[in-house]
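# Any chance you can model this:
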Amino acid sequence: MVLVIHENRGLNPYIEDVARRLAAQGYIALAPDALYSLGGYPGNDDAGRTMQSSLDKAKIEQDFIAAAQFLKAHPQSNGKLGAVGFCFGGYIVNMLAATIPDELNAGVPFYGTPAAMPLRNRVKGPLMLQFAELDERVNDTWAEYETQLKANKADYIAYLYPNVHHGFHNDSTGRYDKATAELAWSRSLAFFETKLRGE
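Below is the predicted model:
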């Protein structure tokens with residue numbers, strides 16, 4: 001079971017395709033749309049970004065916690081829950097790791113910022129964190145977050161991919177880097193395989 005969490009623009013075709021890729025690997029993948037209450041993804045990312053910025057962030061967080069718990073309790077679940085998210089969705093994966101640490105069995109945040117400071121001491125992983133070298137805004141949050149993960153004795157691994165920008169996995173934008181995206185995705189799948197089907 002893998003929860004797929006979109007960027008800050010709703011459930012666009014790129015994220016739908018990420019869910020499809022996971023389904024092709026035999027996972028039950030759920031990709032909720034935070035814009036559902038506004039009628040759903042509007043058909044283009046710019047409008048989606050504007051719509052998502054109008055929503056209450058705390059409500060979106062609660063919606064994704066509920067989605068994670070729904071997926072974990074699904075009748076076809078093997079009892080193990082994974083989550084992958086991109087940009088805003090990467091933040092949501094980190095937030096889930098902090099708010100429901102006992103329920104999340106594998107989290108893969110792509111270029112996501114950490115959860116709020118008061119929650120970070122609850123994170124125990126497993127996490128595979130994916131970063132872009134040229135993404136200064138997100139990377140500036142990493143040293144402090146990693147210090148906390150080490151203090152927590154959390155199970156994590158982090159990758160910093162050289163010469164790529166925030167969003168390198170998104171094949172619908174100019175920031176897409178095919179080789180890096182494929183490497184990061186293959187690592188993500190191997191991580192899910194180990195944490196959700198192995199052990």
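
# alpha carbons only for contacts and neighbour counts from here, please
Noted.

# Quick check: buried residues in the host helix or strand of residue 148?
For residue 148, the enclosing helix or strand under DSSP states H and E is helix 142-152. Across helix 142-152, burial judged by 16 or more other Cα atoms under 10 Å covers 142, 145, 146, 148, 149.

# before we move on, what about stretch 110-129?
110-115, 120-129.

# picking up where we left off before, export the helix holding residue 148 to PDB, keeping only CA atoms.
The C-alpha trace of helix 142-152 is given here as PDB (Å, rounded to 0.1, in the frame of the first residue of the first chain):
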ATOM      1  CA  TRP A 142      18.400  19.400   5.900                       C
ATOM      2  CA  ALA A 143      21.300  19.800   8.300                       C
ATOM      3  CA  GLU A 144      19.100  20.600  11.200                       C
ATOM      4  CA  TYR A 145      16.600  17.900  10.300                       C
ATOM      5  CA  GLU A 146      19.400  15.300   9.900                       C
ATOM      6  CA  THR A 147      20.700  16.300  13.400                       C
ATOM      7  CA  GLN A 148      17.300  15.500  14.800                       C
ATOM      8  CA  LEU A 149      17.100  12.200  12.900                       C
ATOM      9  CA  LYS A 150      20.400  11.100  14.300                       C
ATOM     10  CA  ALA A 151      19.300  12.100  17.800                       C
ATOM     11  CA  ASN A 152      16.200  10.100  17.300                       C
END
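
# for it, the distance to its chain's centre please.
How far helix 142-152 lies from its chain's middle: 18 Å, per Cα atoms, centre = their mean, to the nearest Å.

# Stretch 22-29 too?
The answer for stretch 22-29 is 16 Å, by Cα atoms, centre = their mean.

# Bridge partners for the residue sitting nearest the centre point of the chain, pull those for me.
Computing the C-alpha centroid of the chain and ranking residues by Cα atoms, centre = their mean puts residue 85 first, at 1.8 Å. Note on residue 85: beta-bridge partners by DSSP bridges are residue 5, residue 109.

# What residues does it make contact with?
4, 5, 6, 7, 91, 92, 93, 108, 109, 110, 112 (Cα atoms under 8 Å, 6 or more residues apart in numbering).

# Can you report how many residues neighbour the second one?
Applying other Cα atoms under 10 Å, we find 30 other residues in the vicinity of residue 5.

# now do the first one
By other Cα under 10 Å, the residues close to residue 4 number 28.

# Next, work out how far apart the closest residue to it other than its chain neighbours and residue 142 are.
Closest residue to residue 4 apart from its sequence neighbours, by Cα to Cα, 6 or more residues apart in numbering: residue 31 at 4.7 Å. Counting by Cα to Cα, to the nearest Å, the gap from residue 31 to residue 142 is 26 Å.

# No further queries at this time; thank you.
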